[in-house]
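[1] got a structure for you, letters missing:
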């Protein structure tokens, strides 16, 4: 029993419990006494700590919001108001949706038509091209990426870029392998 409790399970549990108590105590003291607020106020003009103060302020704000959820709700409400104040909500007119519907229907017809013929090695390329065009319309209009900020476009674009990179290296690997001919 001594090896199990003395050397095996007990020390990690004791260390984790002690760290938890220490962190909880520091958190409670900071909330009660506002230690980080005092630190920020005392060091506002300190040139060495100036780069660190925004992080300390955000930590203090996060801790206060954990203690009082109404503060977090109020901050999110203000951010949402500020976010929509400049850009505005886009309402897409019905004719645009009808146009996108027609493009998607034509794309589906082209997909079915292409599937009836054998283009050899180009079958997959043509099918993926039509699917990519259709997916682009869905992303732009139904997911509102056309009217969203640039960062979301960059995220979607980088995902497609890395997918194409994966496909490129896979195709390059397959094409560079030695072709085995049938023997007997």
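    Cool, the structure landed. Note that the coordinates shown come from a computational prediction; the quantities given were computed from them, not determined experimentally. Numbers count the residues shown, from 1 in each chain.

[2] CA atoms for contacts and neighbours, from now on please.
    Will do.

[3] Just name the shakiest helix or strand of the chain by mean pLDDT.
    When the helices and strands of the chain are scored by mean pLDDT, DSSP states H and E, helix 2 comes last with a mean of 50.

[4] Give the buried residues for the host helix or strand of residue 173.
    Per DSSP states H and E: residue 173 is located in helix 150-175. Judged by neighbour count (16 or more other C-alpha atoms under 10 Å), helix 150-175 contains these buried residues: residue 153.

[5] Quick one: name whatever helix or strand follows the helix or strand harbouring residue 38.
    Using DSSP H and E, residue 38 sits in helix 35-42. Heading C-terminal from helix 35-42, the first helix or strand you meet, by DSSP H and E, is helix 53-67.

[6] which residues does residue 29 contact?
    Going by C-alpha atoms under 8 Å, 6 or more residues apart in numbering, residue 29 touches residue 35.

[7] Over to it. Which of the three states is it?
    helix (DSSP: H, G, I helix; E, B strand; the rest coil).

[8] and the helix holding residue 38, what does it pack onto?
    For helix 35-42, the elements it packs on are helix 53-67, judged by 3 or more C-alpha pairs under 8 Å, 6 or more residues apart in numbering; DSSP states H and E.

[9] Residue 65 touches residue 75, doesn't it?
    No - the criterion here is C-alpha atoms under 8 Å, and residue 65 misses it with residue 75 at 9.2 Å.

[10] Compare those two (neighbour count), which wins?
    residue 65 (16 against 13; other C-alpha atoms under 10 Å).

[11] where's the closest residue in space to the more buried one that isn't next to it in sequence relative to residue 38, distance?
    Spatial nearest neighbour of residue 65, excluding adjacent residues (C-alpha to C-alpha, 6 or more residues apart in numbering): residue 72 at 5.0 Å. From residue 72 over to residue 38 the distance is 21 Å, taken as C-alpha to C-alpha, to the nearest Å.
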